[in-house]
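**Student:** After the sequence you'll find the predicted model.
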Amino acid sequence: MIRSIVAVFLAVLSFGAFAAGSDGVKVVYHMNEPADHATQVIRNIRNHLNADPKVKIVLVAHASGIDFLMRDKKDKNGNPFEVGVQELMQRGVEFRVCEFTLKSRNIDKSQMIDDLKYVPSGVAEVARLQAQEGYAYLKP
């Protein structure tokens, strides 16, 4: 009985130490929608950073969600998505692109915005960030 109480007490203490030592909120934004949805996603991330400048944000894109990360891709008003993406990158946001999507759509990395990161699978990366690195999931 005493061992059980001590074990629970130690578990609670270690969780508290883990939570206190964490680097703050970490969020993965999941993007697999066509480019016309990207304006809202960029705005959501910008607002998120304004509300919590210390948040760690990773956007993982796959399927149609990579389109706004292509060079010269513009929103419905003719504004290049790259401007907003570069601004968010300067604020610490990472953009990770699914290599399976690139391969299946015959898209070369040279067609993509500079400074993106590439992962073998977008959906696997979303799951990994949640399960192994403690990222909260957002699907705007």
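**Tutor:** Good, I have the coordinates.
**Student:** Doesn't Gly78 belong to a helix?
**Tutor:** No - using DSSP: H, G, I helix; E, B strand; the rest coil, the assignment for Gly78 is coil, not a helix.
**Student:** which residues sit in contact with it?
**Tutor:** Under the criterion of C-beta atoms under 8 Å, 6 or more residues apart in numbering, Gly78 has no neighbours. The way it works is simple: take the backbone N, C-alpha and C, and place the C-beta from them, glycine included.
**Student:** same check, this time on Thr101
**Tutor:** Taking C-beta under 8 Å, 6+ apart, we find Thr101 in contact with 61-63, 66, 107, 122.
**Student:** just how off-centre is whichever strand or helix holds Phe100 within its chain?
**Tutor:** In the assignment (DSSP states H and E), Phe100 maps to helix 99-104. Helix 99-104 sits 18 Å away from the centroid of its parent chain (C-alpha atoms, centre = their mean, to the nearest Å).
**Student:** try stretch 67-82
**Tutor:** Computed by C-alpha atoms, centre = their mean, the chain-centroid distance of stretch 67-82 equals 19 Å.
**Student:** For Leu59, list each beta-bridge partner.
**Tutor:** Beta-bridge partners of Leu59, counted by DSSP bridges, are Tyr29, Phe95.
**Student:** was I right about it contacting Tyr29?
**Tutor:** Yes - assessed by C-beta atoms under 8 Å, Leu59 is found in contact with Tyr29 at 4.4 Å.
**Student:** okay, and the common contacts of those two?
**Tutor:** Counting by C-beta under 8 Å, 6+ apart, the contacts common to Leu59 and Tyr29 are 41, 45.
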